[in-house]
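*Asks:* Give the three-dimensional model of this entry:
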Amino acid sequence: MFNLKALQKNKTIKYGIPMLMLVVGGSFGLREFTQIRYDSQKIRKRLDPSLEAKVNVEKQSVILEEEYEKMKQVNMEEWKNIRGPRPWEDSREYQEQQRTSQDK
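*Replies:* Next comes the predicted model:
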C-alpha cells in the first residue's frame, strides 16, 4: 500500500509517462492520417486509361533535336516583347496602342 501511494505522488510517473506516451503515440497516429491523405491524392490523380496512353506517347515522342530544329526556324529578329496591361490600365486601349506602335 505504501509503495502504491509513493508511485502516485511521483511526478515522473504522474506527468512524464503520459507525456511520453502522447508524443510517441501521436507520431504514429499522424503517420497513419497523413498516409490516408496521400493515398486519397493518388486515387484522385489517376487518369482515364485512354487519356493516360496519349499522355505517355506525347512524352516519349519529344526529341531534343527536333525541338531545336523548330526553334531555328522561328524568326527572332522580328520578335518584340510587349508587356501586358497593368490592372489600372484599360486593356483594350493599351492593346490598340501597342499594335499601332508595333506597326511603325
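
*Asks:* Where does the prediction get shaky in this protein?
*Replies:* Scanning the chain for pLDDT under 70 picks out the ranges 1-2, 47, 57-62, 102-104.

*Asks:* one more time with 80, if that's ok
*Replies:* For the chain, the stretches with pLDDT under 80 are 1-2, 4, 6-8, 43-63, 78-85, 89-91, 93-95, 97-104.

*Asks:* Glu52 versus the most centrally placed residue in it, what's the distance?
*Replies:* In the chain, the residue lying closest to the centroid (C-alpha atoms, centre = their mean) is Gln41, at 11.8 Å. Between Gln41 and Glu52 the computed distance is 17 Å (C-beta to C-beta, to the nearest Å). (Each C-beta comes from the backbone N, C-alpha and C, glycine too.)

*Asks:* quick one: Lys80 and Thr100, what's the gap?
*Replies:* Counting by C-beta to C-beta, the gap from Lys80 to Thr100 is 13 Å.

*Asks:* Revised request: answer the last question for Glu67.
*Replies:* From Glu67 across to Thr100, the span is 34 Å (C-beta to C-beta).

*Asks:* List phi and psi for Asn10.
*Replies:* phi -70, psi 120 (degrees, to the nearest 10).
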